[in-house]
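# coordinates only, sequence not included:
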Ligand code: UDP
């Protein structure tokens, strides 16, 4: 069975990717430094603890496992923190990405799947964002991801490396089987914060800005179920194995929901009150990020199956009530 080196495999999206890779007949090798991930989430293949900033750690993982592909999820990903501490984002995301790409080439591994983001687009007057839109990130998180996209293009031109880049919109939900889910410490993402508020683990939720140019004044995002998202990764990997070249795909549903709408759906799904108040804007936030994802459908046959707000919140809520990880 082919092995796939999954950086960030102990994190939210990476752990779900490991599960679908295992189910698709691969051995997912988690490479993670556990800075934000959880060893409890590594359930579907071997664990190699290491740091992308240490090239020797990456080399050791390649030598031990000889993976035939890399899926690169490991990164810091909080917009607010990226604004206050851009150096952390450039050092880790950019530096770690460069080490990983160079190691992948040095160990003659040819297939690279990269987890990028709609934050590389930035605000563009509310237009549907497809893969042709210019990339003009508004924070160091998006900028560091775009830099790795550029790096992949350069290395692929000079070396025998093929890549698929997925630009995610907002990922939510959890494994419907309840084996793994989303758990950040501290939590900054909208859906788990709402669920913490529902479960009285926090006083309520502060909505970051109520004066955006949107129908209800709160930011609009395009939410995609984590299982749909990782399914696309397996399709992307198979596409690479057929040596089809290099390609960028957006992953979203094409439907936008405001923060207020997400809160309203959570109230219905959980049948509980969600205390909220409007606070100041969070710097670095875009007004509206909604995808055009037809390319993934047309070329990979990707169809989001679980990406309704109800389904995402229901799966996240199930996990929230039963699952957690411990250090
Ligand atoms: N958000 C909010 N309050 C919170 C957390 C998030 O109003 O406590 C908003 C945030 O401003 C954005 C949306 O929810 O408009 C999604 O934010 P999240 O951090 O989940 O993902 P991001 O869009 O930054 O990738």
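On my side now, so go ahead. Values in this document were obtained by computation on a predicted structure and should not be read as measured data. Numbers count the residues shown, from 1 in each chain.

# quick one: the strands in this protein?
Ranges of strands within the chain are 3-7, 27-32, 47-49, 69-72, 111-117, 162-168, 170-172, 205-208, 220-221, 223-225, 247-251, 257-258, 276-279, 288-289, based on DSSP state E.

# out of those, nearest to residue 140?
With C-beta to C-beta, the closest approach to residue 140 among the strands of the chain belongs to strand 111-117: 12.1 Å. To be clear about C-beta, it is placed using only N, CA and C from the backbone, and glycine gets the same treatment.

# up against the ligand, what does this protein have?
Those residues of the chain that sit near the ligand, judged by C-beta under 6 Å from any ligand atom, are 79, 170, 188-190, 193, 205-208, 219, 221, 259, 282, 285.

# try it again with 8 Å
The chain has residues 77-80, 117-119, 170, 172, 188-191, 193, 205-209, 218-221, 259, 262, 279, 281-282, 285-286, 289 near the ligand, with proximity defined as C-beta under 8 Å from any ligand atom.

# quick check: residue 303 vs residue 22, distance?
Per C-beta to C-beta, to the nearest Å, residue 303 is found 22 Å from residue 22.

# er, residue 317 I mean
25 Å.

# got it, and residue 31?
Counting by C-beta to C-beta, the gap from residue 31 to residue 22 is 16 Å.

# who has more neighbours out of those two?
residue 31 (31 against 16; other C-beta atoms under 10 Å).

# tell me how many other residues crowd residue 58.
26.

# find the nearest non-adjacent residue to it, please.
With C-beta to C-beta, 6 or more residues apart in numbering as the criterion, residue 58 has its nearest non-adjacent residue at 4.2 Å, and that residue is residue 103.

# in contact with the one you found, which residues?
Taking C-beta atoms under 8 Å, 6 or more residues apart in numbering, we find residue 103 in contact with 55, 58, 59, 62.

# what's the ChimeraX syntax to select whichever of the residues you listed are buried?
In ChimeraX, this line selects whichever of the contacts of residue 103 come out buried by 16 or more other C-beta atoms under 10 Å:
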select :55,58,62
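
# please tell me how far the residue nearest to residue 58 sits from the ligand.
Distance of residue 103 to the ligand, given as C-beta to the nearest ligand atom, to the nearest Å: 28 Å.

# try residue 277
From residue 277 to the ligand the distance is 10 Å (C-beta to the nearest ligand atom).
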